[in-house]
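[1] Here is my input; please provide its structure:
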Amino acid sequence: MNAQIKAWLKTGRLRNLGAAAVSAGLLYAGCALADPAITTGSADGAIQYYQNEQQLFGGLKLTNGVTPLDDVLTFLGYPITGAKLESLDSSVLMLPQASEANGGLGIGANDSSGARFRDGDILAARFFAPKIVNISATNPTPGWRKLIRLRSRPNSAAMRSGVESGIILFNFLVAANEQPFTNHSFNTQVMLLAPSLPDRLYWLDFDGNQHLGLALNASFDAADLKQLGNHDYFVPDGCNACHGSPSNYRPPMVNYLDTDHWFDRIEDDFVSLKQAGTPLLFDAKTNDQSRSSFVAAFDVIRRFNEEALQQNNLAHSDSFEAEAGRTWLRLHQSSEGHFAPVERGFSTNGAPVWQTSDADGLNRLNRYCFRCHGSVYFSVYDRERVLSLAGDMQARIKPNPNQLKRAGFKMPPDRDLDPKEVQALYDFLADLK
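    Numbers count the residues shown, from 1 in each chain. Take a look at the predicted model:
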């Protein structure tokens, strides 16, 4: 890596370069050559990050291995437990005034400051999550997520600290023949959205016992490991890498929820879920997009994506991440349908988008590359960006022996592809004009 870039990364000055550094290829063609595909960060860095957060958010004490998720909920103004948040149905969570006797949260119509709960103070959704799966396994175990967005309550410590909302993301791995959400989250990620503060978005991570941890253990680089498995991806580096800020060069962004990609994946690596008829929007209880329960569950996703775009616009409005969110919202403004990959192309500057003749190649990019390159450095749905990187992508898909020695060079980093698929991808990129 260029020594000057290393210095910028260490001091944080690269954040000021932003899109210019990316468009120049410094980050994609520089950092990734020497590092894992997803920046892992370090335990020391995570501990320092939490110390900085604790100073920033005076009402929240952060001690690794000790601080419970419950403390974050109290900080946001919700006198509930993380266990209850994890276990209750989404529909129940979105009615916080429902009594505990009736299976609800039992918070009451008003909080301690007398403020009434508003519609949308809590959004909750459960859904299929291919992104968290170790896809290199012989029989990948499907992943599931439960997302809960809590608006900070008036007069809460969070609101006084500039935190407008918190997003809690529970992660589950469940065999295809078993019922999702019947086990416990193996890792729980938290985003604190503070639009008036420098980083806009701040991270916390909790282990399987809902105590503060330093890292998400995940398989983004599984194919690069000597034994197929996981890395620790520490806060904030590992989080920022997948949320619009690899190497921490700018404020991170909330990722939109891509329902279309979830339905794509049950046609290839997760066909077992299709055969079992498991609802991908789990709260819908069906994959029939015409059913009222599906429409209601989908609308929660739509509302969340609208908020995600608002945050993206504030953090980096001309980014590919923001444009991807706009594209999803445009397609789904009045539709709960599944749009094919070739229908989801976009451009940030009016360049040509993917066409029907590109469909087969884009389908492969969507299957093998979107896990990272929907939010890391570039999106495979941005045709112009793929065209500009096609030569480098070819080298990474079919690296020579010397290139294979360079950590993080081979793509995709999370699995080894069938040689026929490698060649098909290589030829598609070679022919791209």
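[2] and the gap between the residue nearest the centre of the chain and residue 325?
    Centroid-nearest residue in the chain: residue 255, 5.3 Å away (criterion: CA atoms, centre = their mean). To residue 325, residue 255 is 8 Å away according to CB to CB, to the nearest Å. Just so you know, the C-beta spots here come from the backbone N, C-alpha and C atoms, and that holds for glycine as well.
[3] Mutual contacts of those two, please.
    Residues touching both residue 255 and residue 325 (CB atoms under 8 Å, 6 or more residues apart in numbering): residue 308.
[4] Please identify the buried residues of stretch 407-424?
    Within stretch 407-424, the residues that count as buried by 16 or more other CB atoms under 10 Å are 408-415, 417, 424.
[5] By pLDDT, give me the weakest of these.
    Ranked by pLDDT, these bottom out at residue 408 (80).
[6] Return the distance of it relative to residue 293.
    From residue 408 to residue 293 the distance is 43 Å (CB to CB).
[7] for residue 188, same thing?
    According to CB to CB, residue 188 and residue 293 sit 26 Å apart.
[8] More neighbours: these two, which one.
    For the pair residue 188 and residue 293, the greater number of neighbours falls to residue 188 (26 against 15), based on other CB atoms under 10 Å.
[9] Just say helix, strand or coil for that one.
    Here residue 188 is recorded as strand under DSSP: H, G, I helix; E, B strand; the rest coil.
[10] which one is it nearest to, not counting chain neighbours?
    Nearest residue to residue 188, sequence neighbours excluded (CB to CB, 6 or more residues apart in numbering): residue 206, at 4.2 Å.
[11] do residue 253 as well
    Residue 253 sits nearest to residue 244 (CB to CB, 6+ apart), 3.9 Å away.
[12] burial count for that neighbour?
    By other CB under 10 Å, 24 other residues sit near residue 244.
[13] hmm, back to that, show me the buried residues of stretch 407-424 that map onto helices.
    Within the buried residues of stretch 407-424, residues falling in helices by DSSP state H are residue 424.
[14] if I read this right, the residue nearest to the centre of the chain contacts residue 307, doesn't it?
    No. Assessed by CB atoms under 8 Å, residue 255 is found out of contact with residue 307, at 11.9 Å.
[15] Can you pull the phi/psi pair for residue 284?
    phi -70, psi -20 (degrees, to the nearest 10).
[16] Residue 77: what's it in contact with?
    111, 152-159.
[17] For it, which non-adjacent residue is spatially closest?
    Setting aside the residues directly before and after it, residue 77 is nearest to residue 153 in space (CB to CB, 6+ apart), at 2.6 Å.
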